[in-house]
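Participant: okay, sequence plus prediction incoming.
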Amino acid sequence: MLRFFLLAFSLVFTLTGCNNKATPPKPLGEEDFRFEYNSAEITENTEAEEIESKLGFGADFDANNNGYISSGGGAIRWQAAYPNSDDVECRMVFLTTASDTTYLVFAQLNNVSTNRGVKAGDSYEKLFEMYGEPQSKLTPYEGYETYRYTLNEKYIDFVIDNDANSIDYIVIDYRSYQADQDQSYESL
């Protein structure tokens, strides 16, 4: 009888999940490509005019050649850095096409949380807890690794400073491939 009781108890213990394993994070979804900066929600469909009305284009936008980055194929790539280009918490890169359509290419988060609450300075352990294992790992330059999470053609890169064992910055990429095509750049 005691043997039966112990067997039943261990079976119930095993089947009820009392093995202390963490629940895996949910897969990447559209909501992961949203973030908030100074109470403004930013998504891939947020218009540049809407961002300007809510946030402006950063304190020194005009002094920095209106955020100019590059041009090609009749398109202009430009950026807005917040609060300014010397102390960047959030940087948004846009492309204005030859047909005068402007769209958000990517956002770099230096001091802004993702939709899952991960931000620069957090450990890669927190990253894995919130996002799971990345689809790919890259080494952009010595001492850093990039963990990439992908949904269709969009991705989120977490750039890890290996010396500090923490996230250095985060890139939420909406349309880099499209922007490269619109600027007549070859795919990198």
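Facilitator: In hand now; what should we look at? Just so it is clear, the structure is predicted and the values come from calculations on it, not from any experiment.
Participant: and residue 49, what are its phi and psi?
Facilitator: When read as degrees, to the nearest 10, the backbone of residue 49 gives phi -60, psi -40.
Participant: try the one 5 residues further on
Facilitator: When read as degrees, to the nearest 10, the backbone of residue 54 gives phi -90, psi -40.
Participant: nearest residue to it other than its sequence neighbours?
Facilitator: Nearest residue to residue 54 in three dimensions, chain neighbours excluded: residue 40, at 4.1 Å (Cβ to Cβ, 6 or more residues apart in numbering). To be clear about C-beta, it is placed using only N, CA and C from the backbone, and glycine gets the same treatment.
Participant: how close does the one you found sit to residue 46?
Facilitator: Residue 40 is 8 Å from residue 46, where distance means Cβ to Cβ, to the nearest Å.
Participant: more neighbours, these two?
Facilitator: Ranked by neighbour count (other Cβ atoms under 10 Å), residue 40 and residue 46 place residue 46 first, with 18 against 15.
Participant: just give the nearest non-adjacent residue to that one, would you?
Facilitator: residue 104 (6.1 Å).
Participant: confirm the one you found sits in a helix?
Facilitator: No: under DSSP: H, G, I helix; E, B strand; the rest coil, residue 104 sits outside any helix and is assigned strand.
Participant: could you report the distance from it to residue 121?
Facilitator: 24 Å.
Participant: neighbour count for the two, which is higher?
Facilitator: Set residue 104 next to residue 121 and count neighbours by other Cβ under 10 Å: residue 104 wins out with 23 against 14.
Participant: is the more buried one in a bridge, and if so with what?
Facilitator: residue 94 (DSSP bridges).
Participant: in the protein, which spans are strands?
Facilitator: Along the chain, counting by DSSP state E, strands occupy 35-37, 40-42, 68-72, 75-83, 88-96, 102-109, 136-138, 144-151, 154-161, 166-173.
Participant: columns distance to residue 27 and mean pLDDT on top of those, output as a markdown table?
Facilitator: As requested, the strands of the chain are exported to a markdown table (distance: least, Cβ to Cβ, whole Å; pLDDT from 0 to 100):
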| stretch | distance to residue 27 | mean pLDDT |
| --- | --- | --- |
| strand 35-37 | 18 | 97 |
| strand 40-42 | 22 | 96 |
| strand 68-72 | 33 | 93 |
| strand 75-83 | 30 | 95 |
| strand 88-96 | 26 | 96 |
| strand 102-109 | 21 | 98 |
| strand 136-138 | 15 | 95 |
| strand 144-151 | 8 | 97 |
| strand 154-161 | 13 | 97 |
| strand 166-173 | 16 | 98 |
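Participant: how about those strands, which one is nearest residue 60?
Facilitator: Checking these against residue 60 by Cβ to Cβ gives strand 75-83 as the closest, at 7.9 Å.
Participant: contact partners of the closest one?
Facilitator: The contact list for strand 75-83 (Cβ atoms under 8 Å, 6 or more residues apart in numbering) reads 37-38, 51-52, 55-61, 64, 66-71, 88-98, 105, 179, 182-184.
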